[in-house]
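Enquirer: Predicted model follows, preceded by the sequence.
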Amino acid sequence: MKLLLAVLVLTFSVGSLRAQDSEMNEIRERYLSWLDGRDVDYDDPYTMIRYNFIVNAYDWASDYSSFDLDSPGAEWDLTTNTDKNEFRNVCARLIELCTIYNIEGPVGDPNPHFEDPETLELILQVFDFIEGNGLDGDTYFGSYFTPGFELYGLGSTAILRSASYSNSILLMRDELLATGRLNAHLEALDNITFFWSPENPHFDFVNTGTNADGIKVLSQGRLIYALCQEDGTPDRIEDMEHYIAFLDNALKIAPGWADTFKPDLMTYHHRGIYSNNYGATALMSVSAVEWILSGSAYALS
C-alpha cells in the first residue's frame, strides 16, 4: 500500500510539473507573438508601416564595425560609464537584429532576413561577445539595497538598460538552446534580475509597491528568465510563482514616498511625483505583462 501511494504521489507530481511547464511554455509563445507579430494582419497599412520601419533597420542593427566581435578583450566593469554604454549599445543593435530575424513578413513582400543563416551567425556571435566580455551570474552591478528598507536602486544603469538583452534571449531562446548557449545567458539574466528572485534575502514582502525602474525593466526580464528555462528545471515553478507574488505586491498601493502607485493612480519615483517618465513606462511595461499572463494559471490578481 505504501509503495502504491508513493507511485501515485510521484505520478501526480510529475504530471503537475508537466502541466505547469506546458502552461509556462504557452505563456512564452504568447510573449513571442507580441514581440514578433506572427499573427498580425499585413493587409493593414499601419502594420506595413511598422513592418517596414523594423526591417529597414537591418543595416544599422547589423553594423558592429565599432566592436571587435572576434576579440571581446578585457571583461566589462559594469559600474563604469564606458562599459555600461558599450553593453547598452551592443544590446540596442541586438534586439533589433533578433526581432528582424524572427519576423516573417507578408507573403507578397517577405522579410529577406527571416531565419536567415548569416543573420543567425551574426546574432550568435554577438551573444558570444557579450559572454566573452564577462557578463555572467557573478557580474557585479553595484549596490542593490538601501539598508533598513525594501527599497533599492538598480545598482547600475546596465540593469536599467537590460530589457533589450533579456528580450533578445527570449526571441532567440530556441537557437541559444540548440547551440548550447542558453544556460550561460540565463545565468546572467538571473543575476541581472536578482532582486526579484526567491533567493534574494533582503526582501520579505513587508512593504507594498516597488521601485518603478524595477517594474519597467525587471517585470520583463524576470518573467523571461522563468519562461526560457527548460522543462523540468528544478526551480522553474518556484521562480515563476515568486515572480507573480512579487509583481502582485509591486502593483499594490505604495505607502508614503515609496514607489510606485498611489491611491489616485499617480506614480512616484525618487520619492516624488514622476509620472511623465518612470511611472508611465512602468505602467506600459506591466500592462504588456498583464496581457501576456491573462487567462493563464499565472494571471495577476
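Expert: Received the coordinates, thanks.
Enquirer: how near is N111 to L35?
Expert: Summarising the geometry, the distance separating N111 from L35, computed by Cβ to Cβ, to the nearest Å, is 14 Å. Backbone N, C-alpha and C define where each C-beta goes, glycine included.
Enquirer: Going along the chain, name the helices of the chain.
Expert: Taking DSSP state H as the criterion, the chain contains helices spanning 2-36, 45-55, 58-61, 81-102, 117-132, 157-160, 163-171, 173-178, 182-192, 212-227, 236-250, 280-293.
Enquirer: Quick one: mean pLDDT over the fourth one.
Expert: For helix 81-102, the mean pLDDT works out to 96.
Enquirer: Over to the fifth one?
Expert: Confidence over helix 117-132, taken as the mean pLDDT, stands at 98.
Enquirer: would you put the C-alpha positions of that helix in PDB?
Expert: What follows is the C-alpha trace of helix 117-132 in PDB, where atoms were taken according to Å, rounded to 0.1, in the frame of the first residue of the first chain:
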ATOM      1  CA  PRO A 117      21.600  31.600 -41.600                       C
ATOM      2  CA  GLU A 118      24.000  34.600 -42.000                       C
ATOM      3  CA  THR A 119      21.900  36.700 -39.700                       C
ATOM      4  CA  LEU A 120      21.700  33.900 -37.200                       C
ATOM      5  CA  GLU A 121      25.500  33.500 -37.300                       C
ATOM      6  CA  LEU A 122      25.900  37.200 -36.500                       C
ATOM      7  CA  ILE A 123      23.400  37.100 -33.700                       C
ATOM      8  CA  LEU A 124      25.100  34.200 -32.000                       C
ATOM      9  CA  GLN A 125      28.500  36.000 -32.400                       C
ATOM     10  CA  VAL A 126      27.000  39.000 -30.600                       C
ATOM     11  CA  PHE A 127      25.800  36.800 -27.700                       C
ATOM     12  CA  ASP A 128      29.300  35.200 -27.600                       C
ATOM     13  CA  PHE A 129      30.800  38.700 -27.500                       C
ATOM     14  CA  ILE A 130      28.500  39.600 -24.500                       C
ATOM     15  CA  GLU A 131      29.500  36.500 -22.700                       C
ATOM     16  CA  GLY A 132      33.200  37.000 -23.600                       C
END
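Enquirer: which outside residues touch that helix?
Expert: Helix 117-132 is contacted from outside by 62, 64, 67, 69, 72, 87, 90-91, 93-94, 97-98, 100-101, 113, 165, 168, 172, 175-176, 179, 181, 184-185, 188, using Cβ atoms under 8 Å, 6 or more residues apart in numbering.
Enquirer: any idea of the angle it forms with helix 163-171?
Expert: Interaxial angle of helix 117-132 relative to helix 163-171 (axes from the mean of the first three to the mean of the last three Cα atoms, to 10 degrees): 130 degrees.
Enquirer: Would you mind listing the buried residues in helix 117-132?
Expert: Judged by neighbour count using 16 or more other Cβ atoms under 10 Å, the buried positions of helix 117-132 are T119, L120, L122, I123, V126, F127, D128, F129, I130, E131, G132.
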